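Visitor: how would this look folded up:
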Amino acid sequence: MSSYQQPDQRGHFGPYGGSFVSETLTHAINELREAYARYQHDPDFIAEFQRELAHFVGRPSPVYHAERMSRELGGAQIFLKREDLNHTGAHKVNNTIGQAMLARRMGKPRVIAETGAGQHGVATATICARYGLECVVYMGSEDIKRQSPNVYRMKLLGATVVPVESGSKTLKDALNEALRDWVANVDNTFYIIGTVAGPHPYPMMVRDFQSVIGQESLVQMPEMLARAGCHAPQPDAVLACVGGGSNAMGIFHPYIPHAGTRLIGVEAAGLGLDSGKHSASLQRGSPGVLHGNRTYVLQDDNGQVTETHSISAGLDYPGVGPEHAYLKDIGRAEYVGVTDDQALAAFHHLCRTEGIIPALESSHAIAYAMQLAPTLRRDQSLLVCLSGRGDKDIGTVADLSHADFYCRPSCQGQAVKGGSDQPITLVRAGAAA
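Guide: Okay, the predicted model is just below:
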């Protein structure tokens, strides 16, 4: 794959991608395409982007050897690319910085964004606060309920959070509303899309900004693998969760030429791939047009987009980035599913074995790594993109575990105790554990 050059000049990844937008957005898309073409190789732009990643985000993010988990599972060594340690707690900030820098250079004082799990919304609000830009974030009302900590974080940062009540009230509908806003305010508004989807140049642009994840990994892994007793200079497989697919594409893209490394995207299988309650576009979808690009879409026989389900708000989307669709078709990447229950079990397992609380999105990738590792040798390795931290998901996990989340007045003077596979119980302070 050393000759891999995607997309083409029109933004196509094979038969996928492109730009399917209304006439009212054509000028805005062309303006953005020209601006990105002008600045993506500009030395001053690149230098500023790298400074922001180093001094504001805190990059490079480390690669961590999950030694205890690897030892207990047996088989391959598991490594985590710690995007959860970035400022704002996820990979999303890599992209929002790059796009906000473009917004300033294009003279756009107002920024809009969509968000599902809230991490992209928080990252957008963060960089808008830093640059003094007005920020409006669209978020499905169902996602607002299950991601309330991130909603408050956005408001603390000065953003206006607009609840979306249409459709399934999740990420798809938030993106719809953001596009409507953009149509009405193209002159002064920049739309920061959070994933590798949307009309060209977004899939390419977001991938480029997120590719720092894989670029750093290529440099970091040889030393980490040598210390762990692995013989290959790069991991045998790279794994990442896939909703729209920005964290996965960020770590996959630099590895595409490395034929010895498998690329494994993990979709949300929800209640099961055959249940109709999932978000596995690449495994159960078909080619169609959604949000300005051609890709795999969950749709019925009449081409109507079907509702999705996932325990994780960030994976609850009926489409996927067009480059993922292309990588699937050419066989360079493979895509698997992990259910809600498997992801929740992996969430608890990583908490208790490594002292790391992962995002529920990332927990899908962890879950598949836990399945795959025992089938491999000890001198083989898996690199998992830990795309975000799980603070935002504590309420969801507590509800699913039938546990008390906030300490009510009746709980004062009590401590929380519980195993990862049982409801959390309350133990009075000073009592024997």
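Visitor: using PDB, write out the CA atom coordinates for stretch 194-203.
Guide: Provided in PDB are the C-alpha atoms of stretch 194-203 (Å, rounded to 0.1, in the frame of the first residue of the first chain):
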ATOM      1  CA  GLY A 194     -16.000  16.500  14.500                       C
ATOM      2  CA  THR A 195     -15.500  13.300  12.400                       C
ATOM      3  CA  VAL A 196     -14.100  12.100   9.100                       C
ATOM      4  CA  ALA A 197     -17.500  12.400   7.400                       C
ATOM      5  CA  GLY A 198     -19.400  15.200   5.600                       C
ATOM      6  CA  PRO A 199     -18.700  16.800   2.300                       C
ATOM      7  CA  HIS A 200     -15.200  17.100   0.900                       C
ATOM      8  CA  PRO A 201     -12.800  18.400   2.200                       C
ATOM      9  CA  TYR A 202     -14.000  17.400   5.800                       C
ATOM     10  CA  PRO A 203     -13.100  13.700   5.600                       C
END
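Visitor: taking the centroid of the protein, which residue is nearest it?
Guide: The structure's the chain has its C-alpha centroid closest to residue 247; by Cα atoms, centre = their mean the separation is 4.7 Å.
Visitor: spit out the contact partners of that residue.
Guide: Counting by Cβ atoms under 8 Å, 6 or more residues apart in numbering, residue 247 touches 83, 91, 210, 213, 240-241, 385, 387. Using the backbone N, CA and C atoms, a C-beta is placed for each residue, glycine as well.
Visitor: 6 Å - rerun?
Guide: 91, 240, 385, 387 (Cβ atoms under 6 Å, 6 or more residues apart in numbering).
Visitor: quick one: secondary structure of it?
Guide: Three-state call for residue 247 (DSSP: H, G, I helix; E, B strand; the rest coil): helix.
Visitor: contacts for stretch 51-62, please.
Guide: Under the contact criterion Cβ under 6 Å, 6+ apart, stretch 51-62 has outside partners 82-83, 85-87, 93, 97, 216.
Visitor: do stretch 15-29 as well
Guide: Residues from elsewhere that reach stretch 15-29, judged by Cβ under 6 Å, 6+ apart: 7, 11-12, 183, 186, 199-200, 203, 289, 292-295, 322, 325-326.
Visitor: quick one, strands of the stretch 201-350 of the chain?
Guide: With DSSP state E, counting those that start in this stretch as the criterion, the stretch 201-350 of the chain has strands at 237-241, 262-270, 286-290, 293-297, 333-339.
Visitor: make CSV from the ones you listed and add mean pLDDT, mean neighbour count and distance to residue 144 to it.
Guide: Below are the strands of the stretch 201-350 of the chain laid out as CSV (pLDDT from 0 to 100; neighbours: other Cβ atoms under 10 Å; distance: least, Cβ to Cβ, whole Å):
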stretch, mean pLDDT, mean neighbour count, distance to residue 144
strand 237-241, 98, 29, 22
strand 262-270, 98, 25, 19
strand 286-290, 97, 16, 22
strand 293-297, 98, 25, 25
strand 333-339, 98, 22, 25
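Visitor: assumed residue 190 was part of a helix.
Guide: No. If the criterion is three-state DSSP, then residue 190 is strand and not within a helix.
Visitor: I'd assumed residue 113 was in contact with it.
Guide: No. Counting by Cβ atoms under 6 Å, residue 190 does not reach residue 113; the two are 9.5 Å apart.
Visitor: for the two, indicate the residue with more neighbours.
Guide: Between residue 190 and residue 113, counting by other Cβ atoms under 10 Å, residue 113 is the more crowded of the two (29 against 25).
Visitor: if we can go back for a sec, residue 48: which of the strands of the stretch 201-350 of the chain is closest?
Guide: Smallest distance to residue 48 across the strands of the stretch 201-350 of the chain (Cβ to Cβ): 27.2 Å, for strand 237-241.
Visitor: what pairs with the closest one, parallel or antiparallel?
Guide: Partner strands and pairing direction for strand 237-241 (DSSP bridges) are strand 262-270 (parallel), strand 381-386 (parallel).
Visitor: could you redo these as CSV and give each row distance to residue 121?
Guide: CSV is the format used below for the strands paired with strand 237-241 (distance: least, Cβ to Cβ, whole Å):
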stretch, distance to residue 121
strand 262-270, 19
strand 381-386, 20
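Visitor: please name whichever of those is nearest to residue 396.
Guide: Residue 396 lies closest to strand 262-270 among the strands paired with strand 237-241, at 13.6 Å (Cβ to Cβ).
Visitor: who wins on neighbours among the contacts of residue 247?
Guide: In terms of neighbour count, residue 387 stands highest of these at 34 neighbours, by other Cβ under 10 Å.
Visitor: residues in contact with residue 298?
Guide: When contacts are counted by Cβ under 6 Å, 6+ apart, residue 298 touches 281, 285, 306, 318.
Visitor: among those, which ones are in helices?
Guide: Using DSSP state H, the members of the contacts of residue 298 that fall within helices are residue 281.
Visitor: of all the contacts of residue 298, which two lie farthest apart?
Guide: Greatest spacing in those, by Cβ to Cβ: 281 and 306 (10.2 Å).
Visitor: residue 390 contacts residue 357, doesn't it?
Guide: Yes. The criterion here is Cβ under 6 Å, and residue 390 meets it with residue 357 at 4.1 Å.
Visitor: which one's more surrounded, the two?
Guide: residue 390 (22 against 17).
Visitor: which ones are touching that one?
Guide: Each residue near residue 390 by Cβ under 6 Å, 6+ apart is listed here: 357-359.
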